[in-house]
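Student: quick one: sequence and predicted model below, then my questions.
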Amino acid sequence: MGRWRAPRPKGSTYITPEGAEVLRAEVRQLWKVERPKVTDVVHEAAKNGDRSENGDYIYGKKRLREIDSRVRFLTKRLEALTIVERIPDDTTRVYFGAWVTLESEDGNTVCYRIVGPDEFNVQDGKISMDSPLARAMLKKQVDDEVVIRNEQGEQVYYIEKIEYQKPGR
């Protein structure tokens, strides 16, 4: 049995300026702070002689590979991404970057921001524009109905508010 896996579908190439800065900060942290520390540990461990049984050396080399791989991925990804800095002309509709307040049928309200797949974090209220909920909200207006169908059945939400600045600002 092989290790073949079907390729993942390509995510959207949009990102908010804040999300792009987070990715850049991660690259800086890995390249300028973490990698030099690990390199020093590997260098010191290599001086101790037998590398085949040297845990610091083996782990350090593995960690260097992980750091280099992540930096390579982030660098290529940042080059491919489109940073969306402009607020859309029609702010009455839901587009990328919008903060959308939804009310469920039972009266609970939630607020989500539609962001790119590289920066989503549901705990922070950020959902990927590729998610079923975000796709259902795109181009809708206040008081429109948003219907999500999943294994549990149908969930219905109503759009209460659309903002393009963080709520509370």
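Tutor: Okay, I see it. Residues are numbered from 1 along each chain as shown.
Student: does the residue minimising distance to the centre of the chain sit in a helix, a strand or a coil?
Tutor: Nearest to the mean C-alpha position of the chain, counting by CA atoms, centre = their mean, stands residue 119 at 2.1 Å. Recorded secondary structure, residue 119: coil (DSSP: H, G, I helix; E, B strand; the rest coil).
Student: domains in the chain, as residue ranges please.
Tutor: Here the domain parsing of the chain from automatic domain parsing is 14-83, 99-163.
Student: export those to a markdown table and tack on distance to residue 2 and mean pLDDT?
Tutor: From N, CA and C alone the C-beta is placed, and that goes for glycine too. As requested, these are exported to a markdown table (distance: least, CB to CB, whole Å; pLDDT from 0 to 100):
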| stretch | distance to residue 2 | mean pLDDT |
| --- | --- | --- |
| domain 14-83 | 22 | 92 |
| domain 99-163 | 28 | 92 |
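Student: of all the ones you listed, which one is nearest residue 8?
Tutor: domain 99-163 (10.4 Å; CB to CB).
Student: helices or strands next to the strand ranked longest in the chain in the packing?
Tutor: Ranked by residue count under DSSP state E, the longest strand found in the chain is strand 153-163. The helices and strands touching strand 153-163, judged by 3 or more CB pairs under 8 Å, 6 or more residues apart in numbering; DSSP states H and E, are strand 99-104, strand 145-150.
Student: pick the most buried one from these.
Tutor: Of the helices and strands packed on strand 153-163, the one with the most neighbours on average (mean count of other CB atoms under 10 Å) is strand 99-104, at a mean of 18.
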